[in-house]
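**Student:** Could you look at this predicted model? Sequence included:
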Amino acid sequence: MAAAVKHSLPADGRAERWREHRENRRAGYIDAAVRALEEFGPEATMEQIAAVAGVAKPKLYRYFADRADLVNAVGDRCGREVAHRLGAVANPVLSLRATVAAGLDAFLRFVEENPNTVRFLLNSVGSTNGQNVIIDQGRMIAGLLVPLMNAGDSPSDAAEPLAHAMIGSILGATDWWLLQSPDAQMPRPRLVEHLTTVVVGAAQGVMAGLDPDCPLISLLA
């Protein structure tokens with residue numbers, strides 16, 4: 001008896017096309033959420049977000065489980081944008097002081113351009129673990145700083161608390177900055193100058209013999 005010939009069926013691309021369609025629609029709704037937040041403020045409702053997106057509110061819930069899920073999505077979008085901006089100004093030939101200043105300026109420029117979105121994220125809880133999205137991302141960044149602060153010959157148990165303290169000081173100053181009235185708000189370059197002093201001073205307290213004005217690549221060698 002002849003063996004049955006097995007014919008492989010062509011892969012059904014419909015599922016992949018539907019997945020891409022959903023991802024594109026979800027990305028579009030995240031864009032609409034950011035526009036609504038900047039237009040209506042950090043308390044923008046799902047109705048207002050839906051109106052900016054040009055859809056009925058129930059349609060949003062096909063792409064986001066609830067408002068907390070939207071918080072996560074907006075936080076992820078902003079986190080990627082900030083990371084991109086930080087990467088664009090990173091330069092190992094700059095000094096630690098110049099690197100910190102450039103990074104702070106890139107971050108605060110993003111805040112300056114998206115004040116209501118940042119206020120929304122600072123005051124909202126996401127759905128992943130019931131924690132604030134920005135604080136969660138701050139913890140991750142602090143964790144990346146600890147090995148750098150312990151890169152010298154004398155690792156310090158102060159590195160971890162100080163790394164988190166530095167991130168906390170930046171977020172606290174950002175929150176304060178956003179609460180100032182436009183006519184009284186400190187200019188961004190001045191705030192960058194103050195926060196650079198805080199961060200570099202903390203780093204010098206942990207890394208013995210640190211020269212914050214030598215090229216960063218020399219510190220990491």
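**Tutor:** Structure's in. What do you need?
**Student:** ok, and the closest non-adjacent residue to E39?
**Tutor:** Distance criterion C-beta to C-beta, 6 or more residues apart in numbering; nearest residue to E39, sequence neighbours excluded, is V52 at 7.0 Å. Bear in mind the C-beta positions are built from the backbone N, C-alpha and C, glycine included.
**Student:** What's the local residue count around the one you found?
**Tutor:** The local packing count at V52 equals 20, with neighbours defined by other C-beta atoms under 10 Å.
**Student:** which residues are in contact with whichever helix or strand it is part of?
**Tutor:** According to DSSP states H and E, V52 maps onto helix 46-53. Counting by C-beta atoms under 8 Å, 6 or more residues apart in numbering, the neighbours of helix 46-53 from elsewhere in the structure are 28-29, 32-33, 35-37, 39-40, 56-57, 59-60, 67, 70.
**Student:** Give the buried residues for it.
**Tutor:** Judged by neighbour count using 16 or more other C-beta atoms under 10 Å, the buried positions of helix 46-53 are M46, Q48, I49, A50, A51, V52, A53.
**Student:** before we move on, back to that, mind checking which of the contacts of helix 46-53 land in helices?
**Tutor:** Where these overlap with helices, as defined by DSSP state H, the overlap consists of 28-29, 32-33, 35-37, 39-40, 57, 59-60, 67, 70.
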